[in-house]
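Enquirer: quick one, what's the 3D model for this:
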Amino acid sequence: MTSTSQAQPPEGRKARPEHLGHVIFIAAAAAMGGFLFGYDSSVINGAVVAIRDRFDVGPEVLAQVIAAALIGCAIGAATAGRIADRIGRIRVMQIAATLFTISAVGSALPFALWDLAMWRVLGGVAIGMASVIGPAYIAEVSPPAYRGRLASFQQAAIVIGIAISQLVNWAILSFADGKQRGEIAGLEAWQWMLGVMVVPSVLYGLLSFIIPESPRFLISVGREEKARKVLLDVEGKDVDLDLRVAEIEQNMRHEHKPTFKDLLGGRFGFLPIVWIGIGLSVFQQLVGINVIFYYSSSLWQSVGINPESSFLYSFETSIVNIIGTVIAMIFVDRIGRKPLALIGSVGMAASLGCAAWAFSYKSGVGDAVSLPSLQGTVALIAANFFVLFFALSWGVVVWVLLGEMFPGRIRAAALGVAASAQWIANWLITVTFPTLSDWNLSGAYMIYTFFALLSIPFILKWVPETKGKALEEMG
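Expert: Numbers count the residues shown, from 1 in each chain. Next comes the predicted model:
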């Protein structure tokens, strides 16, 4: 039987909505969860040394506290899809905004180390929920011709959140005379760094009351007229609304509420497409990108760069991240998802290899470490090129693909599993880096280089191209 998605004329797929600015606003508002994701993930970078001194802990315990949020991320990601199918995408955003706010206040005012870890876990649940609901919602409200660019808003928001967190950290540090434990209005600088996240958290919650619910969810709960209005707003009056509603309804008639069991059935447990999603998520983290954002200040200090300069280098790296993301947003719908991912893998492997070579010249121990001038320059340039290639490829492409590639009947559940795998891999990289860097910093970067190289055959053999396809065509 020919599906209605195949019967839709090509011009419908390419229709430019009359209120494209409104569509962009909707996607940007939903991507505020990504901003908080980036901000919360990176803001801890400015507080690492202060937390270690305040609670007098070693690198292994400190790594566990930093990574505690990632356990919450996995929980939030695993549950967000099913909750969204029950109560709607917007309600999940509002829950996440509330958790972000509570976490920010609690993290800024901890009584003890376990207390800080608990608030980090709570914030992680919010990040995990936002990491799933953002791409899924944006994919569902975006016109097919613009979906790749709008879906890339999620990653754009993440990298802007990272950059803003570095800028906020630097500004707070300036007020505290360059001391992470310097007092400002009765609180230490690092507490302000963590607490400022209350502002974007509240803004995210307020924006969630303005944007519309997903038309697919509205149709699933029998609110067809409301769904038609949303489709008209986001896809334009030239699109056949009867056909679009029928298309979504037909797709939904062949699906049911996805469960974990629906993801099983392949030779190795999960369906092949679920394994591909897991692979994308895991490779995105195993190249070591979050080492740059969680530990960049302490990393640069570990190779002899003074604290104030290390913060500036971290911020500069965030700007490179934004530039790379803009490049991806421009090209993701033009050249496709797979070519961008391949370009990124090759570039990341070369950059990480150069960084590994440079760090092999590190000398000294403890606070008295340094790199020769040439190798120090190479390390800085390689780190920036690594971030650039990641941002223009895997940083955006993975979120776009995870929002697009799964069949409708398993989309929410599969996205939750893939996102959970991403957070588990993120946790693994985060908790192992301090030990690996103490053992051999160059060796750690060689491991990340290996995974960047391994991602190339993975893309070529298994990753599908979703450019230009409607969600209902993903089978």
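Enquirer: from now on I want contacts and neighbour counts done on CA atoms only, so please keep to that.
Expert: Fine.
Enquirer: any buried residues in the helix or strand encompassing A171, and which?
Expert: Using DSSP states H and E, the element containing A171 is helix 153-175. By 16 or more other CA atoms under 10 Å, the buried positions in helix 153-175 come out as 153-170, 172-173.
Enquirer: same for the longest helix seen in the chain, what does it pack against?
Expert: Counting by DSSP state H, the longest helix found in the chain is helix 411-462. On a contact count with 3 or more CA pairs under 8 Å, 6 or more residues apart in numbering; DSSP states H and E, helix 411-462 meets helix 59-87, helix 113-141, helix 272-286, helix 289-302, helix 337-359, helix 394-404.
Enquirer: out of the ones you listed, which is closest to I381?
Expert: helix 337-359 (8.4 Å; CA to CA).
Enquirer: quick one, the closest one and helix 411-462 angle?
Expert: 70 degrees (axes from the mean of the first three to the mean of the last three CA atoms, to 10 degrees).
Enquirer: what about K179, neighbour count?
Expert: For K179, the count of nearby residues is 17 (other CA atoms under 10 Å).
Enquirer: so it: helix, strand or coil?
Expert: Judged by DSSP: H, G, I helix; E, B strand; the rest coil, the three-state class of K179 is coil.
Enquirer: next up, the contacts around the nearest residue to it once chain neighbours are set aside.
Expert: Using CA to CA, 6 or more residues apart in numbering and skipping residues adjacent in sequence, the residue nearest K179 is L173, 6.1 Å away. The contact partners of L173, by CA atoms under 8 Å, 6 or more residues apart in numbering, come to K179, Q180, G182, A189.
Enquirer: can you do 10 Å?
Expert: 46, 167, 179-184, 188-190, 192-193, 308, 311 (CA atoms under 10 Å, 6 or more residues apart in numbering).
Enquirer: filter the residues you listed down to the buried ones, PyMOL style.
Expert: Buried residues among those (16+ other CA under 10 Å), as a PyMOL selection:
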select buried, resi 46+167+179+180+181+182+183+184+188+189+190+192+193+311
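Enquirer: now, the contacts of L173 that are in strands?
Expert: Among the contacts of L173, the ones falling in strands (DSSP state E) are E183, I184, E188.
Enquirer: rewinding a little: so how far is G205 from the residue nearest to K179?
Expert: Going from L173 to G205 by CA to CA, to the nearest Å gives 28 Å.
Enquirer: try F433
Expert: 34 Å.
Enquirer: and what of G222?
Expert: Applying CA to CA to G222 and G205 gives a distance of 26 Å.
Enquirer: pick out whichever of those two has more residues nearby.
Expert: G205 (23 against 10).
Enquirer: how about the host helix or strand of the more buried one as CSV, C-alpha atoms only?
Expert: Per DSSP H and E: G205 is located in helix 198-207. Taking C-alpha atoms only, helix 198-207 is exported to CSV below (Å, rounded to 0.1, in the frame of the first residue of the first chain):
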residue,chain,number,x,y,z
VAL,A,198,18.5,30.3,38.1
VAL,A,199,18.1,33.1,35.6
PRO,A,200,18.0,31.0,32.4
SER,A,201,16.1,28.2,34.2
VAL,A,202,13.2,30.5,35.0
LEU,A,203,13.3,32.0,31.4
TYR,A,204,13.1,28.4,30.0
GLY,A,205,10.0,27.8,32.1
LEU,A,206,8.4,31.0,31.0
LEU,A,207,9.0,30.4,27.3
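Enquirer: let me see the mean pLDDT of the longest helix of the chain.
Expert: In this model, helix 411-462 carries a mean pLDDT of 86.
Enquirer: just stretch 229-236 next, same as before
Expert: Rounded mean pLDDT across stretch 229-236 is 79.
Enquirer: contacts for it?
Expert: 12-24, 26, 140-146, 211-216, 218, 224-228, 237-241, 244-245.
Enquirer: from the contacts of L173, which is closest to F55?
Expert: Of these, the one sitting nearest to F55 (CA to CA) turns out to be R181, at 11.8 Å.
Enquirer: not counting its neighbours along the chain, what's nearest the closest one?
Expert: According to CA to CA, 6+ apart, the nearest residue to R181 is E188 (4.9 Å).
Enquirer: ditto for Q166
Expert: F315 is the one closest to Q166 (CA to CA, 6+ apart), at 5.3 Å.
Enquirer: what pLDDT, on average, does the helix or strand hosting that neighbour get?
Expert: Counting by DSSP H and E, the element that carries F315 is helix 307-331. On average, the pLDDT along helix 307-331 is 79.
Enquirer: buried stuff in it?
Expert: 307, 310-311, 313-329, 331.
Enquirer: quick check: which element contains V239?
Expert: Using DSSP H and E, no helix or strand contains V239.
Enquirer: quick one, phi/psi of it?
Expert: phi -80, psi 140 (degrees, to the nearest 10).
Enquirer: same thing with S142?
Expert: phi -90, psi 140.
Enquirer: model confidence for it, exactly?
Expert: 80.
Enquirer: give the contact list for it.
Expert: Per CA under 10 Å, 6+ apart, neighbours of S142: 17, 20, 23-24, 26-27, 148-151, 214, 231, 234-235, 470.
Enquirer: where does the chain dip in pLDDT?
Expert: The model of the chain has pLDDT under 70 over residues 1-19, 252-262, 264-268, 293-313, 364-369, 408, 468-475.
Enquirer: so which of the contacts of S142 sit within helices?
Expert: L20, V23, I24, I26, A27, G148, R149, L150, A151, L231, V234, E235.
Enquirer: dump the ones in strands among the contacts of L173 into TSV; add distance to I83 as well.
Expert: Formatted as TSV, the ones in strands among the contacts of L173 follow (distance: CA to CA, whole Å):
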residue	distance to I83
E183	42
I184	40
E188	38
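Enquirer: would you mark the buried spots in stretch 114-129?
Expert: 116-129.
Enquirer: chain center to that stretch: distance?
Expert: 16 Å (CA atoms, centre = their mean, to the nearest Å).
Enquirer: can you name the residues that contact L280?
Expert: With CA under 10 Å, 6+ apart, L280 has these contacts: 274, 394, 397-399, 401-402, 418-419, 421-422, 455, 458-459, 463.
Enquirer: of those, buried ones?
Expert: Buried, going by 16+ other CA under 10 Å: 274, 394, 397-399, 401-402, 418-419, 421-422, 455, 459, 463, out of the contacts of L280.
Enquirer: adding distance to P59, write those residues out as TSV.
Expert: Listed next are these as TSV, based on distance: CA to CA, whole Å:
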residue	distance to P59
V274	35
W394	29
V397	33
V398	31
W399	31
L401	36
L402	34
A418	29
A419	27
A421	25
Q422	23
S455	30
I459	35
V463	37
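Enquirer: out of those, which is nearest to F359?
Expert: When those are compared against F359 (criterion: CA to CA), the nearest one is S455, at 23.2 Å.
Enquirer: the closest one contacts V287, correct?
Expert: Yes: counting by CA atoms under 10 Å, V287 is a contact partner of S455 at 9.1 Å.
Enquirer: quick one: stretch 275-285 to chain centroid distance?
Expert: For stretch 275-285, the distance to the chain centre is 13 Å (CA atoms, centre = their mean).
Enquirer: correct me if wrong: A96 contacts G205.
Expert: Yes: counting by CA under 10 Å, A96 touches G205, with 8.2 Å between them.
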